[in-house]
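J.: I'll drop the sequence and a predicted model, then ask my questions.
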Amino acid sequence: MLPIKQRLYEVIFEADTRIGKFFDLALLIVILLSILLVMLESVPSIENKYHDFLKIAEWIITVIFSLEYILRIWIVRHPRKYIFSFYGVIDLLSVLPSYLALFFAGTQGLMVIRALRLLRIFRILKLNRYLKESAVIIRALRESRYKISVFLFGVLTLVIIIGTVMYLVEGAEHGFTSIPRGIYWAVVTLTTVGYGDISPVTSLGQFLASMVMIIGYAIIAVPTGIVTAELTKHNTKETSTQVCPECLSEGHNHDAKYCSECGAKLN
C-alpha cells in the first residue's frame with residue numbers, strides 16, 4: 001500500500017489518531033445534517049420557502065459523500081470486497097438517489113423522484129460505522145441468532161395454534177372469519193399491542209385471551225435475556241478501531257497484531 005493510501009486508510013477506516021477521530025466526527029455531523037434535510041423537505045411550508053437552499057445543501061452533502069465513497073474504493077486493497085460489503089452498499093445508497101433523480105424529469109416521474117429522495121433516509125445506517133457500541137450489539141445479535149431463531153419458531157408455532165383455537169371458539173360472527181384472521185389476532189395480542197379491531201366475545205374466548213396476554217408478557221423477556229447475556233460476554237473485551245485491510249473486519253483486541261478472521265497483519 002502506498003504511503004498516501006496508508007495514511008488515508010488510517011484516517012478514513014480507523015479512529016486511533018486525532019485526525020481519524022476528527023474525520024469520523026465531521027462525517028457524523030454531515031450525516032445528521034443530511035437526515036435533517038430529508039425530513040425538512042417533507043414539510044410543504046419549509047420546502048416551498050427554502051427550496052433553493054435545501055437543494056444546494058443537499059448537493060453539497062451528496063458531493064461530500066461521493067468523494068468519501070470514491071476515496072474508500074481507491075484506498076482499500078480489495079475494492080470489490082468493500083463495494084459489495086454492507087457498508088459499501090450503504091455508502092452507495094447514500095449518493096445514488098440524488099444522481100438517479102436527474103434522469104427522471106417531467107410530471108410522469110414525480111413519484112419516482114420522491115421515492116428516490118426518500119431513500120436518502122437510509123444514510124442513517126452510515127452512523128453504525130462510527131458508533132463503537134454498535135459493533136458490540138451486532139456481534140451479540142450474530143452470536144445469539146440460532147437461539148433467537150429457535151425462539152421465533154416457537155412463537156410462530158404458538159400463534160398458529162392460538163389463532164386456530166380462537167377461530168374455532170369465536171367463529172365468523174365475532175370477527176374471526178378465518179384462521180389467518182385468528183393468527184393476526186394472536187400476534188397482536190401476544191405482542192401486547194392490542195389494536196382492538198377484533199376481540200373475543202364468549203367467556204371461553206375471553207379466558208383464552210387473558211392467558212395469551214399473560215404469556216405475551218413472559219415471552220418478551222426471552223429474547224431480551226438471550227441478547228443481554230451475549231452483550232455481557234462481549235462487553236468484557238475492549239476492542240480497538242482497527243479495520244483489517246484485507247477482509248475489512250472490525251472489533252479486534254487492542255493488542256492484536258493480526259486479524260482474527262483472515263490472519264492478515266493489522267496496521
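T.: Sure thing, it's come through.
J.: Where does pLDDT dip in the stretch 151-267 of the chain?
T.: In the predicted model of the stretch 151-267 of the chain, residues 233-242, 250-255, 267 satisfy pLDDT under 70.
J.: Torsion angles phi and psi at residue 257?
T.: phi -110, psi -20 (degrees, to the nearest 10).
J.: Any figure for the gap between it and residue 23?
T.: In this structure, residue 257 and residue 23 are 24 Å apart, going by C-beta to C-beta, to the nearest Å. Where C-beta positions appear, they are placed from N, C-alpha and C, glycine not excepted.
J.: And for residue 155?
T.: Taking C-beta to C-beta as the measure, residue 155 and residue 23 are separated by 43 Å.
J.: picking that back up, what about residue 257 and residue 23, which has more around it?
T.: In terms of neighbours (other C-beta atoms under 10 Å), residue 23 is the more surrounded of residue 257 and residue 23; the figures are 20 against 10.
J.: host element of the more buried one?
T.: In the assignment (DSSP states H and E), residue 23 maps to helix 18-41.
J.: got the buried residues for that helix?
T.: Along helix 18-41, these residues count as buried under the neighbour rule (16 or more other C-beta atoms under 10 Å): 20, 23, 24, 27, 30, 31, 34, 35, 37, 38, 41.
J.: Quick check: next helix or strand after that helix?
T.: Scanning forward in sequence from helix 18-41 by DSSP H and E, the next helix or strand is helix 44-49.
J.: how far is the next helix-or-strand element following that next one from where the chain is centred?
T.: Along the chain past helix 44-49, the next helix or strand (assigned with DSSP H and E) turns out to be helix 51-75. Taking the mean C-alpha point of helix 51-75 and that of its whole chain, the gap between them comes to 22 Å (C-alpha atoms, centre = their mean, to the nearest Å).
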